[in-house]
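*Asks:* structural data only, the sequence is not supplied:
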């Protein structure tokens, strides 16, 4: 990369210094997930993975999604099993997309095939709705109201 | 300044145009989690939230963490319940921190109180280790090997 910033830091993947944060999703079908995130959000597929275990990489806005199939424990996490969400209604963490114009995103992303749980709804401090991805992961889409910087 | 730069494009929270991707975690204790991400990774606490329903926001590298308590269904997701990880060994998605120097990150973050599951281990394409956050969320730390851009 050939750029200079003052009081601003640039991030790349993989990082040549410091850290860059991505979001890992266990998926049933790498190709299907790549297509979904590319089509709906206009993200960029950097790698489609391979059968030797390399994951798919997608750049989406300021971050990266890493998608791979599930599997049993590995030496670096001997008690952990990775699987797609067993119950998509029991959720602990999720991708949260903050938007400037929620109605426009709702209309555009729906026209590209995204399935929203409901239309955008007014809440304290924000307007919000949710998408399900092909594995059932919820994706929050939210727009903060004026005067609620972090609504 | 509340923005990050990725490949010449700048992202801010909340976005004034387009969208910015964050990562939501359901936590048992917002302050404890905010302190953890601040102390270990040098995250910047933008707001600690409040009891009226505003979550905490932490800027960490190229992304933002949004932290809040769990809860029952809401009108915009009428079937979904949010809770801290019920079984931290059954995982579907997680934060994946890609680093330039895994040994340095392992040493510094450990000295700041992070509990790693194992030391960094060699795998195909990357060197990798995992830590747990205060709610038991799994966090991957990985460094791609030369020649494996997306290892």
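*Replies:* Alright, I've got the coordinates. Nothing here was measured: the structure is a model prediction, and the numbers come from that model.
*Asks:* so where's chain B uncertain?
*Replies:* When residues are selected by pLDDT under 70, those of chain B lie in B:1-2, B:151.
*Asks:* which parts of it are strands?
*Replies:* Secondary structure of chain B (DSSP state E): strands at B:3-6, B:9-12, B:19-26, B:44-47, B:56-60, B:63-68, B:81-82, B:90-91, B:93-99, B:115-116, B:121-123, B:126-132, B:138-144.
*Asks:* which elements pack onto the fifth one?
*Replies:* The one in question is strand B:56-60. Identification of packing neighbours for strand B:56-60 by 3 or more Cβ pairs under 8 Å, 6 or more residues apart in numbering or on different chains; DSSP states H and E yields helix B:30-41, strand B:44-47, strand B:63-68. Just so you know, the C-beta spots here come from the backbone N, C-alpha and C atoms, and that holds for glycine as well.
*Asks:* tell me which of these sits most buried.
*Replies:* By mean neighbour count, with neighbours taken as mean count of other Cβ atoms under 10 Å in any protein chain shown, strand B:63-68 ranks first of the helices and strands packed on strand B:56-60 at a mean of 25.
*Asks:* what does stretch A:74-92 contact?
*Replies:* Applying Cβ atoms under 8 Å, 6 or more residues apart in numbering or on different chains, the contact partners of stretch A:74-92 are A:26-28, A:70-73, A:132, A:135-138, B:25-26, B:70, B:79-86, B:88-92, B:117-118, B:120-121, B:123, B:128-130, B:137-138.
*Asks:* buried subset of the residues you listed, written for ChimeraX?
*Replies:* Buried residues among those (16 or more other Cβ atoms under 10 Å in any protein chain shown), as a ChimeraX selection:
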select /A:26,27,132,135,137,138 /B:25,26,80,81,82,84,85,88,91,92,117,120,121,123,128,129,130,137,138
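*Asks:* okay, now the domains of chain B?
*Replies:* Taking automatic domain parsing as the reference, chain B has its domains at B:1-71, B:85-151.
*Asks:* and residue B:29, what is it in contact with?
*Replies:* Neighbouring residues of residue B:29 by Cβ under 8 Å, 6+ apart: residue B:134.
*Asks:* okay, and residue A:146 sits in which element?
*Replies:* Per DSSP states H and E: residue A:146 is located in neither a helix nor a strand.
*Asks:* just give me the residue closest to the centre of chain B.
*Replies:* Geometric centre of chain B, nearest residue: residue B:95, 4.8 Å, by Cα atoms, centre = their mean.
*Asks:* quick check: it touching residue B:23?
*Replies:* Yes - with contact defined as Cβ atoms under 8 Å, residue B:95 and residue B:23 form a contacting pair (6.0 Å).
*Asks:* now for these two: what residues contact both?
*Replies:* Listed as contacting both residue B:95 and residue B:23 by Cβ under 8 Å, 6+ apart are A:21, A:23.
*Asks:* now the strands for chain A?
*Replies:* Under DSSP E, chain A gives strands at A:10-11, A:19-26, A:44-48, A:56-60, A:63-68, A:81-82, A:90-91, A:93-99, A:115-116, A:121-123, A:126-132, A:138-144.
*Asks:* got the angle between the third one and strand A:56-60?
*Replies:* On the basis of axes from the mean of the first three to the mean of the last three Cα atoms, to 10 degrees, strand A:44-48 is oriented at 170 degrees to strand A:56-60.
*Asks:* pull the contacting residues for residue B:98.
*Replies:* Neighbouring residues of residue B:98 by Cβ under 8 Å, 6+ apart: A:13-15, A:19-22, A:64, B:142-144.
*Asks:* so can I have JSON lines of the residues you listed showing distance to residue A:77 and neighbour count?
*Replies:* Formatted as JSON lines, the contacts of residue B:98 follow (distance: Cβ to Cβ, whole Å; neighbours: other Cβ atoms under 10 Å in any protein chain shown):
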{"residue": "A:13", "distance to residue A:77": "22", "neighbour count": "20"}
{"residue": "A:14", "distance to residue A:77": "21", "neighbour count": "20"}
{"residue": "A:15", "distance to residue A:77": "22", "neighbour count": "19"}
{"residue": "A:19", "distance to residue A:77": "19", "neighbour count": "18"}
{"residue": "A:20", "distance to residue A:77": "21", "neighbour count": "24"}
{"residue": "A:21", "distance to residue A:77": "19", "neighbour count": "25"}
{"residue": "A:22", "distance to residue A:77": "17", "neighbour count": "26"}
{"residue": "A:64", "distance to residue A:77": "21", "neighbour count": "27"}
{"residue": "B:142", "distance to residue A:77": "12", "neighbour count": "24"}
{"residue": "B:143", "distance to residue A:77": "16", "neighbour count": "23"}
{"residue": "B:144", "distance to residue A:77": "18", "neighbour count": "20"}
